[in-house]
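Q: after the sequence you'll find the predicted model.
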Amino acid sequence: MTRRGLDRWPAPLAAWWQALWRSYAMVFFVGDWRLAMAFFLASFCFPVAGLMGLIGVAATNAAALALGLDRDQIKAGLYGLNGLLVGLAVGWWYGLGWTPLLLVVVGALAVAIVAAGAYHWFGQIHNLPVLSLPFVAVAALIQAAQTALVGPRVTSPPPALFDLPPDLLPTWLAEYLHALAAIFFQPSLIAGLFVLLGLLAVSRVMVFLTVVGFASGQALAWALGLGATALAPHIWGFNLILVAVAVGGIFFVPSLRAFLGAALAACLGLVLSLALGSLFASTPLVVLAWPFNLTVIMFVLAARARTEPAEPRVVDFVPDTPERNLEYHRSRLRRYRGLSVPVFRLPLWGRFMVSQGPDEQPTHRGAWRQAWDFVGTDYSGRTFRGDGSLLEDHLAYGRDVLAGAGGRVVRVVNDVPDNPVGLENIARRWGNMVVLWHAGGIYTVYAHLIPGSIVVAEGQPVLEGQLLGRLGNSGRSTDPHLHFQCQRSPEMASPTVYAELVGYIQPVGSGRHYHFTGRPQGGAVLEDPMPNAEFGAALHFPLGRRIDFEVKHRRRSWAETWEVRSDLIAGSYLYETGKGAKLFFASDGRSFFATDYLGPRDRGLHAFFLACSRVPYCFEPSLTWDDVLSPRTLVGRGHCLWLDLIRPVVDLAEVRAVKSFLPPRNVEGF
């Protein structure tokens, strides 16, 4: 069903249909209709299990709607995914009948409730993937109570609708296909082929990772002397495949290190599978997808414990195919950092200079190297008036200190006297300070303030840009400056962590250059930009807005209508109703970002994407800024296929440009 076809459906019916097919596709983390179709067909190679899975999807989505849960998550298939697996499991274990059918319906309600709690606790609070944890939790309850509920499991599997002869393919390939099919409780070569074809249509990198996962686990099994069939593909092999795909390209940005991590994760998944198989041997429990869930969550937790960005990078946006994740990372995230890198606005207003940046002498070294010192400066480069012997002579003294991001005040010191110029207080080295907590367990420190100037209290929430106090010369400070750093603990002297500053202007020669994000070093002169409300309003696209254009290109002209849409997977995007082109965009309140474009290249929407791929809201005729675009935006589809295969390993150059508000001369085109 095409998007244009869905436009003619009633909204509730279209939403129900999307929730249904995305529930199938999200088994492999990506809401693509081609995956959904392939997986739906695979699930019906054993019709009894397939029918119960379909009932599980419908019942879970209905339960989630009745409970008033997040409609975007329902529409994205995040609830139906777990209901599908519950239905498939019950159909495979107990066959078709009124008791198993009732068990699927009750299990659907249970999995909706468990999923709601999991998405809140894992997703919103701890920023961790939920995966199929709701399914394995509810399935464990069903297994534990199976004797009282439905009696023993079916001893022989339900009949297959069709399949290939088992000796038609080499043993290794047959086991690989069986492992793919086992994700849908379908130990069938045909089902495995359906899954493989669906993956090939959507992502060649995902297919590569399925091979990496299965081959790595099999190699470890051989090395441990467990034999060629030790993986029991229909029980454990699928865990290794899902683990490798998740670590190699879904929750981590694809790269050579991510691929090596996928192989390592698959080996860990095998060990967990063997351990859990032994642990559950005397119980009615089955291993199911526990190794997959536990391994992926451990890898994501370990990656987020790092103090500085490193390969492989954690995906900190809504995951998509590995190819798309890499695209986002190399274009969108090179334009504006995501959650894996803490970012903050400038903590001062006006013009000032970095007197000491990260990794610079004398004090920003070792565990405390990730910090900045800021002093005031004028247009001649001076930091004080007269001879600078008085605190008031220094341009920084008394300046407003602002919160770099929204958060909560966790510590305030407000009683340390200012030092005379040239002297310092070693005993109370931080002087007067404010420590803020920010989402994600990040803390920022604002030190050396004027005594009695701090206007916030411990426990108080603060907004980005809110006044905290005034810059002084208390603590270990010989002349007035602001010390600013980011750390993962509220305790002073804690090791600093890598952070970046966003949305600042740096004078360069006779011009001015806007930095969307960066780490200015000592000697850099910075200015906090003044947003232009009217210009920002021109690039404000509220949901539901429709815009009509007449596009002229050389001797051609045509009409285009753009509509602002949004969903949980794609985020906000401009949709051209005629051709189905999509331009994905975002805004941080200071800038407009056109993050990606899907559609024909000869459209006005594509021209808008190239021209306005990144625009700051502070309009100045002479302002310039850098932009980075993927080569995919300018090459044909055939070239994109081989680009997708080599870009995770070879960091090809992007299309780089310097942009400004001044119109170019003698440019023919849109």
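A: Structure received.
Q: helices and strands of the chain: which one has the lowest mean pLDDT?
A: helix 3-6 (a mean of 47; mean pLDDT, DSSP states H and E).
Q: the closest residue to residue 446 other than its chain neighbours: what secondary structure?
A: Of all residues not flanking residue 446 in the chain, residue 434 sits nearest, at 4.7 Å (C-beta to C-beta, 6 or more residues apart in numbering). (Glycine included, C-beta is placed from N, CA and C.) Using DSSP: H, G, I helix; E, B strand; the rest coil, the structure places residue 434 in strand.
Q: now do residue 434 against residue 364, distance only.
A: As judged by C-beta to C-beta, to the nearest Å, residue 434 and residue 364 stand 20 Å apart.
Q: again, but for residue 144
A: Distance from residue 144 to residue 364, by C-beta to C-beta: 56 Å.
Q: these two: which has the busier surroundings?
A: When residue 144 and residue 364 are compared for neighbours, residue 364 comes out ahead with 20 against 13, by other C-beta atoms under 10 Å.
Q: for the nearest residue to that one once chain neighbours are set aside, phi and psi?
A: In space, residue 364 comes closest to residue 371 once its chain neighbours are excluded; the distance is 5.0 Å by C-beta to C-beta, 6+ apart. Note on residue 371: its backbone torsions stand at phi -150, psi 160 [degrees, to the nearest 10].
Q: quick check: the gap between residue 371 and residue 395.
A: 21 Å.
Q: check residue 628 too.
A: 35 Å.
Q: again with residue 101
A: 76 Å.
Q: these two: which is more packed in?
A: Legend: neighbour count by other C-beta under 10 Å for residue 101 and residue 395, higher for residue 395 (21 against 18).
Q: what's that one in contact with, if anything?
A: Counting by C-beta atoms under 8 Å, 6 or more residues apart in numbering, residue 395 touches 352, 375-378, 382-385.
Q: so the nearest residue to residue 487 once chain neighbours are set aside: helix, strand or coil?
A: Closest residue in space to residue 487, ignoring its immediate chain neighbours: residue 494 at 4.4 Å, by C-beta to C-beta, 6+ apart. What three-state DSSP gives for residue 494 is coil.
Q: next up, phi/psi of residue 494, please.
A: According to degrees, to the nearest 10, residue 494 has phi -70, psi 150.
Q: cool, and residue 551?
A: According to degrees, to the nearest 10, residue 551 has phi -100, psi 130.
Q: these two touch, right, residue 463 and residue 405?
A: No. With contact defined as C-beta atoms under 8 Å, residue 463 does not count as touching residue 405 (9.0 Å).
Q: so between these two, which is more surrounded?
A: residue 405 (20 against 10).
Q: give me the element the more buried one is part of.
A: Using DSSP states H and E, residue 405 falls within no helix or strand.
Q: give me the pLDDT for it.
A: In this model, residue 405 is scored at 93, pLDDT.
Q: what about residue 324, distance to residue 209?
A: Using C-beta to C-beta, one obtains 14 Å as the distance from residue 324 to residue 209.
Q: so these two - more neighbours on which side?
A: More neighbours surround residue 209 than the other of residue 324 and residue 209, with 29 against 20 (other C-beta under 10 Å).
Q: which of the helices or strands spans that one?
A: Applying DSSP H and E, one finds residue 209 within helix 204-223.
Q: could I get the average pLDDT for that helix?
A: 91.
Q: check stretch 383-398 too.
A: Per-residue pLDDT over stretch 383-398 has a mean of 91.
Q: buried stuff in it?
A: Neighbour-count burial for stretch 383-398, with 16 or more other C-beta atoms under 10 Å as criterion, is recorded at 383-384, 388, 391, 393-397.
Q: okay, those in a markdown table with distance to residue 474 and secondary structure next?
A: Output for the buried residues of stretch 383-398, formatted as a markdown table (distance: C-beta to C-beta, whole Å; DSSP: H, G, I helix; E, B strand; the rest coil):
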| residue | distance to residue 474 | secondary structure |
| --- | --- | --- |
| 383 | 18 | coil |
| 384 | 18 | strand |
| 388 | 18 | coil |
| 391 | 11 | helix |
| 393 | 17 | helix |
| 394 | 14 | strand |
| 395 | 18 | coil |
| 396 | 13 | coil |
| 397 | 11 | coil |
